[in-house]
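Peer 1: Sequence first, predicted model second:
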Amino acid sequence: MKFTVIGGTGLIGSKVVNGLRALGHEVLAASPKSGVNAVTGEGLDTALKGVDVVIDVSNSPPSEWQDDKVLNFFKKSGENLFEAEKKAAVKYHVALSVVGTDKLLESGYFRAKQAQEDIIKKSGVPYTIVQATQFFEFVDSIYKSYVKDDKVVAPTAFIQPISSDDVAKAVVEIAVGKPTNSIVEVGGPEKIKTDDLIRQYLSVLKIQKEVVSTPGLKYFGATFNDDTLCTKDGAKLGSDKFINWISKPENQKSN
């Protein structure tokens with residue numbers, strides 16, 4: 001089979017590309033650096049020529065997560081992708097989204113992801129939306145978002161983080177299968193309270209900050225509870241636990 005991975009040089013995309021190639025498939029890793037820009041439409045027709053499956057794991061740069069910019073990113077890229085996919089008679093579209101998107105719409109980022117999902121569902125191209133829980137790599141940003149006066153004022157709601165390796169494996173497995181025309185959830189192997197997750201992170205990295213458990217806090221501006229950032233029954237679960245992952249030196253960021 002022939003695949004094009006939009007965002008194919010990023011954290012998840014590069015792992016998906018390698019996973020597909022290991023299975024013997026022909027894969028194009030598409031990104032603006034390779035001359036393929038889904039937001040502007042540049043290079044899409046060429047990148048999708050003769051392609052069976054398009055996998056979209058692209059993301060707006062964090063520096064452009066302002067409400068209007070991130071919405072423009074996902075709307076324009078979605079519209080341009082499906083215009084090009086229909087021209088190329090692409091048989092299957094796989095997209096990576098986020099567990100809890102429809103419950104976090106107070107956040108401009110999640111409103112943009114919801115807009116992306118809506119475009120996919122209305123496109124007419126067979127699809128599967130892979131909703132993943134929060135990546136291990138994002139825990140540093142989660143922790144820093146709750147730092148206040150040299151303490152960490154952290155929520156107590158549950159979260160279910162997943163490794164990027166496990167996300168990529170799930171995307172590859174779904175992409176080589178058949179379209180479900182539905183959402184498939186993937187998450188980490190364990191649910192943990194957000195404050196306890198932060199404590200694990202700080203302990204391993206030997207960061208001396210007190211964590212103050214505070215029920216009812218928001219998640220990047222959006223209300224959330226024990227179910228919002230966790231998968232439902234029947235989801236695909238990864239095998240990597242956060243404490244094992246963060247204990248490896250290569251996964252530890254300098255602070």
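Peer 2: Good, I have the coordinates.
Peer 1: any low-confidence regions in the stretch 1-150 of the chain?
Peer 2: Along the stretch 1-150 of the chain, the model assigns pLDDT under 70 to no residue.
Peer 1: quick one, helices of it?
Peer 2: 11-22, 44-47, 67-88, 108-122, 139-145 (DSSP state H, counting those that start in this stretch).
Peer 1: I'd like those helices as JSON lines, with mean neighbour count and distance to residue 190 appended.
Peer 2: Where you see a C-beta, it was placed from the backbone N, CA and C, and this is true even at glycine. Formatted as JSON lines, those follow (neighbours: other CB atoms under 10 Å; distance: least, CB to CB, whole Å):
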{"stretch": "helix 11-22", "mean neighbour count": "20", "distance to residue 190": "21"}
{"stretch": "helix 44-47", "mean neighbour count": "19", "distance to residue 190": "38"}
{"stretch": "helix 67-88", "mean neighbour count": "18", "distance to residue 190": "30"}
{"stretch": "helix 108-122", "mean neighbour count": "19", "distance to residue 190": "23"}
{"stretch": "helix 139-145", "mean neighbour count": "17", "distance to residue 190": "14"}
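Peer 1: got those helices as CSV, with distance to residue 130 columns?
Peer 2: Formatted as CSV, these follow (distance: least, CB to CB, whole Å):
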stretch, distance to residue 130
helix 11-22, 10
helix 44-47, 21
helix 67-88, 15
helix 108-122, 11
helix 139-145, 20
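Peer 1: Which one of those lies nearest to residue 158?
Peer 2: helix 139-145 (13.1 Å; CB to CB).
Peer 1: Quick check: residue 45 touching residue 88?
Peer 2: Yes: using CB atoms under 8 Å, residue 45 makes contact with residue 88 at a distance of 7.2 Å.
Peer 1: Count the residues that sit near the residue nearest to residue 224 when sequence neighbours are not counted.
Peer 2: With CB to CB, 6 or more residues apart in numbering as the criterion, residue 224 has its nearest non-adjacent residue at 5.6 Å, and that residue is residue 157. By the criterion of other CB atoms under 10 Å, residue 157 has 21 neighbours.
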